[in-house]
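Asks: Curious how this folds, go ahead:
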Amino acid sequence: MTEHAEAVAGRNLDPVTQWGLVIEGFQITNRKLHRAVAAAFSLDPAEAETLLRLTRSPERRMSMAALAREAAFSTGGFTKIADRLAKRDLVVRTPCADDRRVVYLELTAAGVKLADELQNLVADIVRKTYIDVLGADRAAVVAEAMAELREANSTL
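Replies: Model prediction:
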């Protein structure tokens, strides 16, 4: 634990300061991650997040509406992200056979290759900037706490 972290741990912080520290820690770490992703793959954060979600999805595809919802984008805003990825031949739009209103975004072969490389880079950066800093046990506790917050507040 750093000297600053020890000083923070020993204080009784008010809720606003606690939340501010959570946000600042996340933002600084996330910016570092996205700078490395942009340098390696010329992807902005929304494009990278889309590729990572697709690579973790069954059949490496998701409906565009679900992707937009999960990434907290409007459908119109997400269409622009999909357009940029399609222009780079990383994804294709595929209509749903059962429902004409549903359009899937699916990784192409080039998209699978890049998404796999992206996932490896992100995993490496996360290990160095998060897990190695906090330790595996504390990092897991933070992840579990954030998952609990997401669940508790997703309907608010």
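
Asks: Mind jotting down where the helices sit in the protein?
Replies: 3-9, 15-41, 45-55, 64-70, 75-87, 109-126, 132-134, 136-153 (DSSP state H).

Asks: Tell me which of those helices is the most buried.
Replies: Per residue and on average, the most neighbours among the helices of the chain fall to helix 45-55, with a mean of 20 (mean count of other CB atoms under 10 Å). In short, each C-beta sits where N, CA and C put it, glycine included.

Asks: pLDDT weak spots in this structure?
Replies: For the chain, applying pLDDT under 70 flags the ranges 1-10, 75, 156.

Asks: Residue nearest the middle of it, spatially speaking?
Replies: In the chain, the residue lying closest to the centroid (CA atoms, centre = their mean) is residue 49, at 4.5 Å.

Asks: what's near enough to touch it?
Replies: residue 71 (CB atoms under 8 Å, 6 or more residues apart in numbering).

Asks: From residue 102, how far off is residue 73?
Replies: 17 Å (CB to CB, to the nearest Å).

Asks: These two: which has the busier surroundings?
Replies: residue 73 (18 against 14; other CB atoms under 10 Å).

Asks: Does the more buried one touch residue 46 like I think?
Replies: Yes. With contacts counted by CB atoms under 8 Å, residue 73 reaches residue 46, the gap being 7.0 Å.

Asks: Now for the two: what residues contact both?
Replies: Joint contacts of residue 73 and residue 46 (CB under 8 Å, 6+ apart) are residue 81.

Asks: show me the contacts for the nearest residue to residue 89 once chain neighbours are set aside.
Replies: Leaving aside its chain neighbours, residue 89 sits nearest to residue 110 (5.1 Å; criterion: CB to CB, 6 or more residues apart in numbering). For residue 110, the contact set (CB under 8 Å, 6+ apart) comprises 88, 89, 90.
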